[in-house]
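J.: I'd like to go over a predicted model; first the sequence, then the structure.
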Amino acid sequence: MNSAKRYLQAAQSVYIACHIIPDGDAIGSLLGLGLGLRHLGKSCIMACADPVPAKFDFLPSWREITAQPPTNEEVIVTIDSSDIERLGSLYDERVFGSRPVINIDHHVTNTRFGTVNLVQLLPSTAEIVYGLLKQLKVPLDKDISTALLVGLITDTQCFRTSNVSAKQLRTAIALTQAGASLSEITELVFNREPISTICLWGQALAHVQRRGRILWTEIDQHMMRKCGASPNEGNGLVSFLASTMGVDVAIVFREKDDGRIEVSMRAGPGWDISDVAFRLGGGGHPRAAGCTIAGKMVKVRELILNEIETALQKQAQDKREQSAGNS
């Protein structure tokens, strides 16, 4: 935290980038940090390689988020990205290697690629940004607190994930006291979807399949075109599938523009899918992880299903042995 603080205090210009196919934590943390640094008189570029999802179009300054890579900014900050590839087209090895990179993230699989790695295993990256702004003595206003509260409530599914404690509730109280409205944000984030999202989910739900206690579906480019959907409109579907009774793991396979297959996974309480994602080049958390794999949909699907089945069997065996040892 102190190293990140020193670099940001010394810089006059900062480039901040979040990951591709951004979610609420990525966009909220990006805007919260950018707006906060501007309070200190810094020049800030806020960037994402992919468009901002329509459901976050109420956030302050979201139109300022650009898809342009860094130029001559003194410091680069990456937000909510477990590895450098998650920055997509914003990453330029020459540019990133020529100046300090502050890596701010909360994923257990973070590869520590930064000059400074501000990686804390909290429920959201927004909380790390909140702590950093406090260290920098940035006064919170309505815009900053709204952006950060969006990050916190989206990555905790409105404080319903198992890693939520009194700490997250205290942070939420501080943000609401600074001007953020929990009820307005909840309504705007969770209770409205573009018609293209409804169409895409309908297509995907019609193709749900099950193998044992694993539930999955697939989204291909034909579905995306038919519904006029953007890549991020598949976000949230895997969490919905994971709520199915009798299911331990839910998976959504999505065909990307370049033909690779993006794999989003969610696990029920007591299961860990992060190791599977990490070994296949991805990352995430024990119960929420993902990766992107080159290959045909059918081959990627079988690879993932087999890996998940093996992981679940091993973890079940470990639980049985632990239970026997305790009895």
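T.: Sure, I can see it. Residues are numbered from 1 along each chain as shown.

J.: C-alpha only now, for contacts and for neighbours.
T.: Will do.

J.: can you pull out the helices in the protein?
T.: Assigned by DSSP state H, the helices in the chain fall at 2-10, 24-39, 93-96, 125-135, 142-155, 166-177, 182-190, 195-205, 221-227, 237-242, 274-279, 297-326.

J.: what about Arg213, neighbour count?
T.: A count of nearby residues for Arg213, using other Cα atoms under 10 Å, gives 13.

J.: Now the closest residue to it other than its chain neighbours: phi and psi?
T.: Computed as Cα to Cα, 6 or more residues apart in numbering, the closest residue to Arg213 that is not its neighbour in sequence is Val247, at 4.7 Å. Dihedral angles of Val247 (phi, psi; degrees, to the nearest 10) stand at phi -110, psi 140.

J.: who touches Val247 in this structure?
T.: Arg213, Ile214, Leu215, Gly268 (Cα atoms under 8 Å, 6 or more residues apart in numbering).

J.: Please pick the buried ones from those residues.
T.: Buried members of these, scored by 16 or more other Cα atoms under 10 Å, are Ile214, Leu215, Gly268.

J.: With distance to Thr146 added, can I get those residues in a markdown table?
T.: Below are the buried ones among the contacts of Val247 laid out as a markdown table (distance: Cα to Cα, whole Å):
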| residue | distance to Thr146 |
| --- | --- |
| Ile214 | 36 |
| Leu215 | 35 |
| Gly268 | 30 |
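
J.: From those residues, pick the one nearest Lys296.
T.: For these, the closest approach to Lys296 (Cα to Cα) belongs to Leu215, at 19.5 Å.

J.: State the pLDDT value of the closest one.
T.: Leu215 carries a pLDDT value of 97.

J.: I'd assumed Ser239 was in contact with it.
T.: No - Leu215 lies out of contact with Ser239 (Cα atoms under 8 Å); the separation is 11.2 Å.

J.: shared neighbours of these two, anything?
T.: In contact with both Leu215 and Ser239: Ala250, using Cα under 8 Å, 6+ apart.

J.: do you know how far the closest residue to Gln135 other than its chain neighbours is from Glu233?
T.: The shortest distance from Gln135 to any non-neighbouring residue, by Cα to Cα, 6+ apart, is to Lys5 (7.2 Å). According to Cα to Cα, to the nearest Å, Lys5 stands 35 Å off from Glu233.

J.: Compare the two (neighbour count), which wins?
T.: Between Lys5 and Glu233, Glu233 has the larger neighbour count (other Cα under 10 Å), namely 22 against 14.

J.: Only the buried residues of stretch 195-210, if you could.
T.: By neighbour count with 16+ other Cα under 10 Å, stretch 195-210 contains the buried residues Ser196, Thr197, Cys199, Leu200, Trp201, Gln203, Ala204, Leu205.
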